[in-house]
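Engineer: predicted model, plus sequence, below.
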Amino acid sequence: MFRGVLATAVATTVLAAVPASADEVTGPIDLGTLPGGSSSSGLLVTDRGTVFGEAYDKAFDVHGARWDPAGRITDLRPLDGYSAVKATALSEAGVAVGDSTNHVNTGRATRWDASGLPVELDQPTGFPGYAWSTPVAINEGGMVAGTAYGAPGPDAAVRWDTSGKVTVLGLGRVRAMNDAGAVISESTYWDPAGNVVELTDGGSLRDLDNAGTVVGSIGVHAAKWDSTGRPTVLDTTWESSEALAVTAGGTIAGEVRDKDFTTRIARWDPAGTLTVFEAPGSRFTAVSSSGAVLGQLGDGTAVVWDRAGRVLRLPVPEGGICSADGLNDWEVTGSCSVPGRNSHAVLWRFGEPVGNRAR
């Protein structure tokens with residue numbers, strides 16, 4: 001039984017999937033690779049137009065890669081003694097974080113500033129003596145949150161300050177952090193001071209915004225919690241649902257499922273009104289700061305469901321295979337391969353840039 005506020009959406013709208021005309025999306029635009037490298041992939045793109053991803057160097061080792069708004073690539077190499085990079089997060093200021101690894105399930109949390117030089121973040125000490133760590137999020141103040149792991153202890157949620165000093169928050173794997181430094185794991189919410197916020201009715205946590213609102217699910221239904229841990233159930237009209245991401249403006253994106261367990265992308269506006277993308281089998285990928293949603297149709301086609309309600313299919317080169325992974329309010333990044341060429345990082349554009357974000 002829910003002991004919080006039970007509030008279903010005041011209205012539900014179902015949208016039909018409408019293919020975009022050819023001139024509504026441009027691209028994919030090839031971002032290229034590192035000098036001598038064979039392939040690359042774009043994973044995230046900031047509102048300023050900086051792309052973060054991974055790229056192979058000429059020795060066939062995967063490095064981090066950062067493309068500025070003009071399309072110039074910076075090689076984000078691993079720490080000395082490590083051979084590869086796993087890219088994880090990027091701030092609007094262009095500061096990147098990820099793992100330096102040796103092609104095995106081990107990692108050292110690493111940060112790259114504007115210069116592109118790798119800096120190791122401190123490793124927790126003392127029992128249980130975590131051997132490795134991986135960052136998950138970086139906020140606009142430069143704080144980093146992630147997970148420390150390694151036998152004999154369980155996984156721990158950790159947070160690094162701007163100097164790289166680490167604090168162990170508690171058990172769990174980090175999911176997200178906001179600009180104030182509040183952190184969530186799969187089931188625990190730590191406020192900016194590192195204190196646990198008790199969540200009424202518990203739940204599975206996925207994301208949080210700068211107001212301290214956390215989204216996820218309670219049981220089989222999408223839910224959100226305020227900064228005091230008080231919950232609101234977002235929908236009970238579908239067989240099951242889950243809130244997966246929340247924007248700075250309070251728009252929530254996720255998925256709903258019917259009695260046949262068929263998944264559809266869903267979006268809740270700040271007032272709690274639910275709109276469902278009526279494409280059976282569609283899945284959520286990412287959401288932009290304005291609430292545009294990147295997703296995938298059941299046949300694998302990548303689409304943007306923008307704030308105007310348009311459903312924009314991302315073009316694929318003839319004979320090519322593409323994936324779409326991240327977006328801002330006007331472009332999508334991912335990767336495409338075509339016959340005779342390895343996969344390259346790419347951009348699609350579906351809107352107009354604002355101010356100094358223009359490429």
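Structural biologist: Sure thing, it's come through.
Engineer: helix/strand/coil for the residue most central in space within the chain?
Structural biologist: Residue closest to the average C-alpha location in the chain (C-alpha atoms, centre = their mean): Ala286, at 6.2 Å. Put simply, Ala286 is strand when judged by DSSP: H, G, I helix; E, B strand; the rest coil.
Engineer: now it: closest residue in space, sequence neighbours ignored.
Structural biologist: Once flanking residues are discounted, Ala286 sits nearest to Leu294: 4.6 Å by C-beta to C-beta, 6 or more residues apart in numbering. Every C-beta, even on glycine, is put in place using the N, C-alpha and C of the backbone.
Engineer: state the pLDDT value of Thr8.
Structural biologist: Note on Thr8: pLDDT of 36.
Engineer: circling back: show the contacting residues for the residue nearest to the centre of the chain.
Structural biologist: Counting by C-beta atoms under 8 Å, 6 or more residues apart in numbering, Ala286 touches 245, 293-294, 325-327.
Engineer: over to Gly298?
Structural biologist: Gly298 makes contacts with 279-282, as judged by C-beta under 8 Å, 6+ apart.
Engineer: select only the buried ones of those in ChimeraX?
Structural biologist: A single ChimeraX command selects the buried members of these (16 or more other C-beta atoms under 10 Å):
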select :279,282
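Engineer: switch the contacts of Gly298 over to CSV; also include secondary structure and pLDDT.
Structural biologist: Listed next are the contacts of Gly298 as CSV, based on DSSP: H, G, I helix; E, B strand; the rest coil; pLDDT from 0 to 100:
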residue, secondary structure, pLDDT
Ala279, coil, 92
Pro280, coil, 94
Gly281, coil, 96
Ser282, coil, 96
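Engineer: please identify which of the contacts of Gly298 is nearest to Asp61.
Structural biologist: Closest approach to Asp61 among the contacts of Gly298 (C-beta to C-beta): Ser282, at 36.1 Å.
Engineer: state the distance from that closest one to Trp348.
Structural biologist: 18 Å (C-beta to C-beta, to the nearest Å).
Engineer: likewise Gly212?
Structural biologist: Gly212 sits 33 Å away from Trp348, going by C-beta to C-beta.
Engineer: same question for Val196.
Structural biologist: Relative to Trp348, Val196 is positioned 41 Å away (C-beta to C-beta).
Engineer: and stretch 181-201, which residues are buried?
Structural biologist: Burial within stretch 181-201, assessed by neighbour count using 16+ other C-beta under 10 Å, is assigned to 181-185, 188-192, 197, 199, 201.
Engineer: would you put the C-alpha positions of it in PDB?
Structural biologist: Below are the C-alpha coordinates for stretch 181-201, written out as PDB (Å, rounded to 0.1, in the frame of the first residue of the first chain):
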ATOM      1  CA  GLY A 181      25.800  17.100  -5.400                       C
ATOM      2  CA  ALA A 182      22.800  14.900  -4.400                       C
ATOM      3  CA  VAL A 183      23.300  11.300  -5.600                       C
ATOM      4  CA  ILE A 184      21.100   8.300  -6.200                       C
ATOM      5  CA  SER A 185      21.900   4.600  -6.500                       C
ATOM      6  CA  GLU A 186      19.400   2.000  -7.500                       C
ATOM      7  CA  SER A 187      17.500   2.300  -4.200                       C
ATOM      8  CA  THR A 188      19.200   5.100  -2.000                       C
ATOM      9  CA  TYR A 189      19.000   8.900  -2.200                       C
ATOM     10  CA  TRP A 190      21.900  10.900  -0.600                       C
ATOM     11  CA  ASP A 191      21.400  14.700  -0.200                       C
ATOM     12  CA  PRO A 192      24.200  17.100  -1.000                       C
ATOM     13  CA  ALA A 193      25.600  16.800   2.500                       C
ATOM     14  CA  GLY A 194      25.800  13.000   2.100                       C
ATOM     15  CA  ASN A 195      22.900  12.200   4.300                       C
ATOM     16  CA  VAL A 196      20.400   9.500   3.300                       C
ATOM     17  CA  VAL A 197      16.900  10.700   2.400                       C
ATOM     18  CA  GLU A 198      14.400   8.200   3.500                       C
ATOM     19  CA  LEU A 199      12.100   7.300   0.600                       C
ATOM     20  CA  THR A 200       8.500   6.600   1.600                       C
ATOM     21  CA  ASP A 201       7.500   3.200   0.000                       C
END
